[in-house]
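[1] any chance you could fold what I've pasted below:
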Amino acid sequence: MNPDDVFFDIGANSGYFSCLALLSEVKGVVAFEPDPNTCAVLAQQQQLNNWSRANLRIESLGLSGRVETQAFIRASDSGESGFGSWPYRQAVGQVEVDVQILDYFCQQANMLPTVLKIDVEGWEYPVLCGAEQTLRGGSVRLVVFESECDAKGQILDPRISQLLGNCGFAIRHVPRPSGVIKSTENYQAYSGS
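    Numbers count the residues shown, from 1 in each chain. A predicted model of the protein is given here:
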């Protein structure tokens with residue numbers, strides 16, 4: 001991370017990566033977390049670390065390809081909560097939450113990210129659909145995301161690779177130190193510009 005980076009933490013959960021980014025002294029962090037209960041934990045992180053809203057902006061909303069209110073499915077592990085069907089989630093409840101398009105958020109907030117972290121439990125493609133204008137705009141240099149994959153580490157949803165490729169990003173798998181490939185893996189998409 002660079003000091004002039006604006007880090008968007010999409011699927012922030014309790015803020016682990018938001019905190020790491022702020023400790024790296026980035027310019028700012030926007031944490032998107034739709035679950036109001038988990039968002040409250042993130043707000044406590046902000047208070048405990050004495051981070052101002054200028055440093056850490058918490059947005060209690062989900063991101064997708066359209067603006068709506070949607071059912072957010074809570075899982076037994078908050079890190080597996082999310083939208084839509086996710087085969088690895090043990091659902092324990094749900095809550096209706098606001099969902100926004102990232103492109104619209106950026107316009108309204110007059111803010112552009114340089115780094116995106118997307119960890120949304122199978123909801124990557126809808127998030128990217130709502131971010132296409134931002135991805136094409138030239139400000140984003142890196143997208144770090146999790147996705148379902150096959151036994152060789154290839155992304156299962158070809159729409160993700162196609163959308164990122166059409167926006168000028170090259171994707172590479174980030175292998176685990178163990179070399180084991182699980183059903184979901186991490187990827188980095190680098191801007192070619």
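[2] and the longest strand out of those in the chain, how far out from the chain middle?
    Longest strand of the chain, by residue count under DSSP state E: strand 91-101. For strand 91-101, the separation from the chain centroid amounts to 15 Å (computed by Cα atoms, centre = their mean, to the nearest Å).
[3] what residues sit buried inside it?
    Val97, Val99, Gln100, Ile101 (16 or more other Cβ atoms under 10 Å). Backbone N, C-alpha and C define where each C-beta goes, glycine included.
[4] just the helices from the protein, written as ranges.
    Assigned by DSSP state H, the helices in the chain fall at 16-23, 36-48, 102-109, 124-129, 132-136, 158-166.
[5] mind checking how far the third one is from the chain centre?
    Meaning helix 102-109. Helix 102-109 sits 15 Å away from the centroid of its parent chain (Cα atoms, centre = their mean).
[6] what is it packed up against?
    helix 132-136 (3 or more Cβ pairs under 8 Å, 6 or more residues apart in numbering; DSSP states H and E).
[7] go on, the fifth one?
    Applying 3+ Cβ pairs under 8 Å, 6+ apart, one finds that helix 132-136 makes contact with helix 102-109, helix 158-166.
[8] let's have these in a markdown table, adding distance to Pro175.
    Below are these laid out as a markdown table (distance: least, Cβ to Cβ, whole Å):
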| stretch | distance to Pro175 |
| --- | --- |
| helix 102-109 | 28 |
| helix 158-166 | 17 |
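[9] adding distance to Leu142, mean pLDDT and mean neighbour count, write the ones you listed out as CSV.
    Shown next, in CSV, are those (distance: least, Cβ to Cβ, whole Å; pLDDT from 0 to 100; neighbours: other Cβ atoms under 10 Å):
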stretch, distance to Leu142, mean pLDDT, mean neighbour count
helix 102-109, 15, 96, 17
helix 158-166, 11, 97, 15
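[10] of those helices, which is nearest Pro3?
    Nearest to Pro3, of all these, is helix 102-109, at 20.5 Å by Cβ to Cβ.
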